[in-house]
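Participant: return a 3D structure for these sequence lines:
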Amino acid sequence: ESCITLYLLFQFLKQLGIHPDWQFVDVYGMEPELLSMVPRPVCAVLLLFPITEKYETFRTEEEERIKAKGQDVKSSVYFMKQTINNACGTIGLIHAIANNREKMNFETNSSLKKFLEDSLSMTPEERAKYLETYEAPSIDEKVDLHFIALVNVGGHLYELDGRKPFPINHGETSDDSFLEDAIEVCKKFMERDPEELRFNAIALSAA
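Facilitator: Presented below is the predicted three-dimensional model:
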């Protein structure tokens, strides 16, 4: 399943006009020796997982808690809502690339570069509407799992999930510790649903 996903992600980056200086690689396990196999630097982690009842219950509680307590989210975080049913893979990818756009090498006629430039000043809802009009290649038909992106923006680790109303700030991180910090967040997802085995982490690494 995962190799299909990696191939789709690779194709997707190519179609969107991104130079292959960054590549998606599988994170084979959460232990330090397996994480040490992932090429560095890592600028984003995608987590694929099934939406279960346990997850939905947690999502509702988390949203209520954050709405009550508030959280700090930098205005420079690029976040968009998901309005197209099966577009979470596309949106996860856009979240990963958009929040690392300074590091990416776009082809001159890159459709993603244009999408990001056009949508930078939009709200998360407007970006979602704009994506509906945009003919992005779809990677979602073959993937029945939900995708979220974990990124470092300004020294904070954010979880970006278009099904949530806002980004989730998971605390401080750095370029050096980002992969380990992101994997700690992934572990929490797995601990909340111990019977579920379909979790898959993919790192966006320097090629």
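Participant: SS state for residue 114?
Facilitator: helix (DSSP: H, G, I helix; E, B strand; the rest coil).
Participant: same thing with residue 47?
Facilitator: On the basis of three-state DSSP, residue 47 is classed as strand.
Participant: which residues does the residue most central in space within the chain contact?
Facilitator: In the chain, the C-alpha nearest the mean C-alpha coordinate belongs to residue 149, at 1.5 Å (C-alpha atoms, centre = their mean). Counting by C-beta atoms under 8 Å, 6 or more residues apart in numbering, residue 149 touches 44, 45, 46, 92, 93, 95, 96, 99, 159, 160, 161. For the C-beta atoms, the positions are set from N, CA and C on the backbone; glycine is no exception.
Participant: quick check: closest non-adjacent residue to it.
Facilitator: Nearest residue to residue 149, sequence neighbours excluded (C-beta to C-beta, 6 or more residues apart in numbering): residue 95, at 3.8 Å.
Participant: wait, that neighbour touches residue 81, no?
Facilitator: No - between residue 95 and residue 81 there is no contact under C-beta atoms under 8 Å: 11.2 Å.
Participant: could you point out which element follows the lowest-mean-pLDDT helix or strand in the chain?
Facilitator: Least confident helix or strand of the chain, by mean pLDDT, DSSP states H and E, is helix 2-15 with a mean of 77. Per DSSP states H and E, the first helix or strand lying C-terminal to helix 2-15 is strand 22-27.
Participant: can you map out the strands along this structure?
Facilitator: Taking DSSP state E to define them, one finds strands in the chain at 22-27, 42-49, 146-153, 156-160, 168-172, 200-206.
Participant: tell me the mean pLDDT for the second one?
Facilitator: What that stands for is strand 42-49. Average pLDDT, strand 42-49: 95.
Participant: packing partners of it?
Facilitator: If you count contacts as 3 or more C-beta pairs under 8 Å, 6 or more residues apart in numbering; DSSP states H and E, strand 42-49 packs onto strand 22-27, helix 88-98, strand 146-153, helix 178-192, strand 200-206.
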